[in-house]
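Chemist: output the structure for:
(one chain, ligands or ions: 1)
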Amino acid sequence: MSSRREFLKKTGLATIGVAATAAACQTENKKHISQTTTRPLAISTWKNGMQANEAGWKVLNSGGRALDAVEQGVKVVEADPNDMSVGYGGRPDRDGIVTLDACIMDETGNAGSVCALENIKHPISVARRVMEKTPHVMLAGAGALQFAKEEGFVEENILTDKAREQWLEWRKTSEYKPLINIENHDTIGMLALDQKGDISGACTTSGLAYKMHGRVGDSPIIGAGMYCDNEIGGAVATGMGELVMKTLGSFLVVELMNQGLSPQQAVEEAIGRIVKKIPGYQDFQIGYLAINKAGEVGAYSLHKGFNYALYANDNNQLIDSDYYLK
Ligand code: SD4
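Modeler: Sure thing, here's the model as predicted:
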């Protein structure tokens, strides 16, 4: 056992979250207390996580694999034209092209990812094929599209009229100015713990609206937008990807749990790392979710306004995250 873990054990910090219930954590003094659930559980970023959780729960509740739950869950959001940060209906880059980033990780530590993928509605399923059918982890751009087509995915226009009209409006000024919680924060990151106790995660997005063509964010980067270790837990990130990439946020959260922190302590520490290391962090939103093997859950963001969906104990709930900048 590491000395850090021994220290945490001695001070009782490692077990501080164990007795908390989800209800108790909605109270004012929830600082550092992780919500405890029973398995299975599904947790997803933002309000659209509610529909992802519904689909994921069907898999989990019938004894299915966490990997299938997260894929089925995020696919619902990818197909939804009203979510303008993910898949079909996503906002384009500054040249009017929708480019998609996604990654997935299973309970064995296998991972797959695609980035800057065009014209495919379900990048998460392409990422899964990369994981399962290639010796690689990540395929980019034209190569990812070529692979998707070889695998039978159909090329289609995923730029909706609504997204195109908004982009044409934006082009009048071409001003790129992120607005906290509004610029493009509906990326879906999802984690699941199945009945067997296995953990998987998925993350999928069209990235920041009106980004430079070719820009890739944190979401498809294993360890940045999402990371799972089946012996420890999993984490997902949302928000301004550059800040998450510079701190390798999701890996950091999982590693902090490995050192003995609860999910809530770990996500707060990872936000603290951004605060410490990245000047100007106040101008951006970042949200982290984490789970561990015991079914404890953590959520934390830089700014007010991050919410997430937690499906546990047969109940799907939208919960406001605690945050740093009070
Ligand atoms: C990105 N992290 O491309 C994504 C955007 C996001 O909610 O999460 N939006 O930087």
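
Chemist: and stretch 44-51 with the ligand, contact?
Modeler: No. Counting by CB under 6 Å from any ligand atom, the ligand has no neighbours in stretch 44-51; the shortest distance is 7.1 Å. Placement of C-beta: from N, CA and C, glycine included.

Chemist: what parts of the protein come near the ligand?
Modeler: Near the ligand, when you scan the chain using CB under 6 Å from any ligand atom, you find 85, 184-187, 205, 207-208, 217-219, 238-241.

Chemist: from those, which land in strands?
Modeler: Counted as lying in strands by DSSP state E, out of the residues of the chain next to the ligand, are Thr205, Thr238, Gly239.

Chemist: who wins on neighbours among these?
Modeler: Thr205 (33 neighbours; other CB atoms under 10 Å).

Chemist: quick check: chain neighbours aside, which residue is closest to that one?
Modeler: Thr187 (3.8 Å; CB to CB, 6 or more residues apart in numbering).

Chemist: quick one, what contacts the one you found?
Modeler: Thr45, Trp46, Ser85, Val86, Cys203, Thr204, Thr205, Gly207, Ser219, Thr238 (CB atoms under 8 Å, 6 or more residues apart in numbering).

Chemist: phi, psi of it?
Modeler: The phi/psi pair for Thr187 (degrees, to the nearest 10) reads phi -50, psi 140.

Chemist: Asp83 reaches Val77, doesn't it?
Modeler: Yes. Asp83 is within contact range of Val77, at 5.2 Å (criterion: CB atoms under 8 Å).

Chemist: more neighbours: which of those two?
Modeler: Val77 (30 against 24).

Chemist: how near is the residue of the stretch 51-200 of the chain found nearest the ligand to Leu193?
Modeler: When scored by CB to the nearest ligand atom, the stretch 51-200 of the chain has Thr187 as its residue closest to the ligand, at 3.2 Å. Distance of Thr187 to Leu193, computed by CB to CB, to the nearest Å: 21 Å.

Chemist: phi, psi for Ile291 please.
Modeler: phi -130, psi 160.

Chemist: that one touches Asn230, doesn't it?
Modeler: No. Here Ile291 does not reach Asn230: they are 11.5 Å apart, not a contact under CB under 8 Å.

Chemist: okay, now Lys149: neighbour count?
Modeler: 14.

Chemist: element containing Gly143, please.
Modeler: helix 141-150 (DSSP states H and E).

Chemist: er, Leu168 actually
Modeler: Taking DSSP H and E as the definition, one finds Leu168 inside helix 161-171.

Chemist: quick one, phi/psi of the closest residue to Glu268 other than its chain neighbours?
Modeler: Closest residue to Glu268 apart from its sequence neighbours, by CB to CB, 6+ apart: Tyr300 at 4.9 Å. Taking degrees, to the nearest 10, you get phi -160, psi 150 for the backbone angles of Tyr300.
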